[in-house]
Each structure stands twice: as structure tokens, then as C-alpha cells.
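Participant: just the structure for this:
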Amino acid sequence: MAEQQVERKMVRKGLCLLPGRWWLVTLAGAAVLLLLTGFFLGQGVVANPDTVPGSERDPLVTASWVEARLNTFAQALGERPLPGVVRELGPAPVYRVVVVESGQTMLMGEGTEFILRSGRARALVPIKGTGLANLTTGKNLVDGDPIERDHLILSPRDDGRGIVTVTQAIFLVRNNYRIV
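Facilitator: Presented below is the predicted three-dimensional model:
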């Protein structure tokens, strides 16, 4: 009884193509789906009889073929000169502990990173429209902004940017700086 009511509603809404024969539509849909699945699976399984093993059209390669190609590539690289002069690598710059007294200014060089560990300091940015990059928050610090503790700050250029301490402050500094 309930199935008949559902079927009548579907007929009224135009959703049922064959009233009373819904099972036929379902069976036909399943058959089409099965045929399409078999067709696509059969395409991947059937081997191409025209391909010769080891030829350019053969999708499978052997370990010896891969090794031969790698050796050829390595020899070609070994014969070419390097495009530039390779400098000797030195040790990576490390963070140094720097104590700056109250009221002193610490000017940063290009690419200098610093972290305020204790005390208070403010940003010194003499050129309007520029700033120090707070890499922790992703914000730009302009002249007079407070430096937050334990935030990584970057000075992008050596143009007079730096900090002015409000109290004695301890910094971790990597790269060039000078206290004035």
C-alpha cells in the first residue's frame, strides 16, 4: 500500500518513467553500469600485441635500461663545466646574546634577525613607508611600535632601521648590528 502511494507521488511529479515497472528501470541502469565498467576495465587489461619488449612503445622498462640512462646522464653532467664559481661554504651565522642599556640604539644591518628576550624596546624606522618585519605575526613594525618579547624581527635593509631601548634589554641577534 505504501509503495503504491510513493509511486503515485512520483508519477504526479514526473519522476517515474514507467509506472508499475520501476524495477525494470533499475535493472536497465545496473546493466548499463556493468557494461561501462567492463568496457573501461577491459581497456586497461588488454595488452597491445604490436609492442615489442624493450622498445620505445613498451610501457615497462628493465633495471638495466634505467641504469644505462642514468649513466649516460651522469657522463653528460660530468663533461660540462659548472655555470659559475662555487665559493667555499663557511659556518652558518649564529645568534649572539647582546645586552643593550636603557636609551641606547641598536642599528641593524641588511638581513639581520633579532629576538627581544627581556626588557622593553621600540622600533626605529627613519624612512617613512618602511619598517621592520615581525616574522612571528606577519606584520610590519613602523617607527615607535613596541617590540614584543620572543618575536622574530627582520631588518630587510641596512638603512638606519633598528631599535631604541626603553629599559635595559637582552636580545638574540643574528648577522650585523651596531650599538650607538
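Participant: and Ser155, what are its bridge partners?
Facilitator: Beta-bridge pairing for Ser155 (DSSP bridges): Thr112.
Participant: next one: it from Tyr177, what distance?
Facilitator: According to CB to CB, to the nearest Å, Ser155 stands 9 Å off from Tyr177. (Glycine included, C-beta is placed from N, CA and C.)
Participant: give me the buried positions along stretch 138-145.
Facilitator: The neighbour-count check on stretch 138-145 (16 or more other CB atoms under 10 Å) flags Leu141, Asp143, Asp145 as buried.
Participant: ends of it, how far apart?
Facilitator: 14 Å (CA to CA, to the nearest Å).
Participant: next one: stretch 132-144
Facilitator: One end of stretch 132-144 sits 11 Å from the other (CA to CA).
Participant: contacts for that stretch, please.
Facilitator: For stretch 132-144, contacts defined as CB atoms under 8 Å, 6 or more residues apart in numbering pick out 108, 113, 122-126, 128, 131, 147-148, 150-156, 161.
Participant: which PyMOL command selects the buried ones in these?
Facilitator: Here is the PyMOL command that picks out the buried ones among these, judged by 16+ other CB under 10 Å:
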select buried, resi 108+113+123+124+125+131+147+153+154+155+161
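Participant: can you verify Ala31 is assigned to a helix?
Facilitator: Yes - the assignment for Ala31 (DSSP: H, G, I helix; E, B strand; the rest coil) places it in a helix.
Participant: ok, now how distant is Ile179 from Val99?
Facilitator: 9 Å.
Participant: out of the buried residues of stretch 138-145, list just those in strands.
Facilitator: With DSSP state E as the criterion, strands contain Leu141 from among these.
Participant: in CSV: the buried residues of stretch 138-145, plus distance to Gly38 and pLDDT.
Facilitator: Output for these, formatted as CSV (distance: CB to CB, whole Å; pLDDT from 0 to 100):
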residue, distance to Gly38, pLDDT
Leu141, 66, 95
Asp143, 73, 94
Asp145, 69, 96
